[in-house]
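>>> Show me how the following folds:
(one chain, ligands or ions: 1)
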Amino acid sequence: MRIDVISLFPEFVAQCAAFGVVGRAGERGLLSMHGWNPRDYAEGNYRRVDERPFGGGPGMVMLIDPLRAAIRAARAADPAPARTIYMSPQGARLDQAKARELAGHERLILLCGRYEGVDERLIRAEVDEELSIGDYVLSGGELAAAVVVDAVARLQDGALGDAESAVQDSFEDGLLDCPHYTRPVEHELGAVPEVLMSGNHARIAQWRRQQSLGRTWQRRPDLLDEAALSKTDRKLLAAYRAELAAGKGAETGSTAASAAGADPESDGSATRGAARGD
Ligand code: SAM
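Now for the predicted structure:
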């Protein structure tokens, strides 16, 4: 995948993409990043890229021509068609489904604004969509672009060491991820839930499913409204809630399977990603 970033500070986004999973995706040739600075396409001694807004008011607005020239240069640099996205607090909110969709494109051009933003006519003429990373205002689009780069780069085939790890992430199946534990088993902060040490893969899968359901119910009930829960899911969630109400601390999950009335040895539907609607 190729991502071109149009920005007054293209190195900023390139730096963010230089580390960890995204950096390795670059090294493996799964992602190529290219920066284009509109100042390089600005005219005059001062290479102006902004002007005062018509109608008065505070701040500056980014000029059409340097941005348009930079976008066009980026498009011309590769024959593959590119989707042009303006990072903007007024855009549709980025979520995991959107990240997956964008990750499927061969090329993206990410336009980063500064100041009060860019001249509206440029957006109408050159931009395919506007994308926001949340309901707050940043001083520039670079951080937002870096977020998009990270979210789509890790979804490229071969970017993650363990192919499973993206599938199990929060939002992938409409739920939050389950809690994770590693060594040591006993620690002054507490013990690892017994089920995870059992070696019983069906029980572990069921416990994880239950934790995902419970966490989503506690933290993001709006997601549960959208999720298609199976009968087994509903039982697991009811058991989780019952344990919480009884003050047992549902995250230990020691009685999850029996309380749910589900047999972890025989009911494969409790595993993550299993077909729903039973
Ligand atoms: N005046 C604009 C408004 O209120 O909609 C905000 C301009 S902001 C100070 C400067 C630039 O930061 C924007 O052009 C955009 O590229 C970027 N930006 C700010 N917040 C953002 C967000 N939540 N998501 C994506 N980009 C954002």
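>>> Contact partners for A153?
M1, A17, V21, V22, A25, G26, L30, L31, A159 (C-beta atoms under 8 Å, 6 or more residues apart in numbering). Bear in mind the C-beta positions are built from the backbone N, C-alpha and C, glycine included.
>>> Which members of these are the farthest-apart pair?
Distance extremes for the contacts of A153: the farthest pair is M1 and V21 at 13.7 Å, using C-beta to C-beta.
>>> For the two, indicate the residue with more neighbours.
Neighbours were tallied for M1 and for V21 using other C-beta atoms under 10 Å; the higher tally belongs to M1 (22 against 16).
>>> Roughly how far does that one sit from E188?
According to C-beta to C-beta, to the nearest Å, M1 stands 45 Å off from E188.
>>> Next one: the closest residue to V185 other than its chain neighbours from L175, what distance?
Residue nearest to V185 in three dimensions, not counting chain neighbours: V192, with 5.0 Å by C-beta to C-beta, 6 or more residues apart in numbering. Going from V192 to L175 by C-beta to C-beta gives 22 Å.
>>> Of these two, which one has the most company?
In terms of neighbours (other C-beta under 10 Å), L175 is the more surrounded of V192 and L175; the figures are 24 against 15.
>>> Isn't the more buried one up against S212?
Yes. Counting by C-beta atoms under 8 Å, L175 sits close enough to S212 to count as a contact (4.4 Å).
>>> burial count for the residue in the stretch 51-200 of the chain that the ligand sits nearest to?
For the stretch 51-200 of the chain, the nearest residue to the ligand under the criterion C-beta to the nearest ligand atom is G113, separated by 2.1 Å. Applying other C-beta under 10 Å, we find 25 residues neighbouring G113.
>>> The ligand contacts on this protein?
On the criterion C-beta under 6 Å from any ligand atom, the ligand has as its neighbours in the chain the residues 87-90, 112-114, 116-117, 132-134, 136-141, 144.
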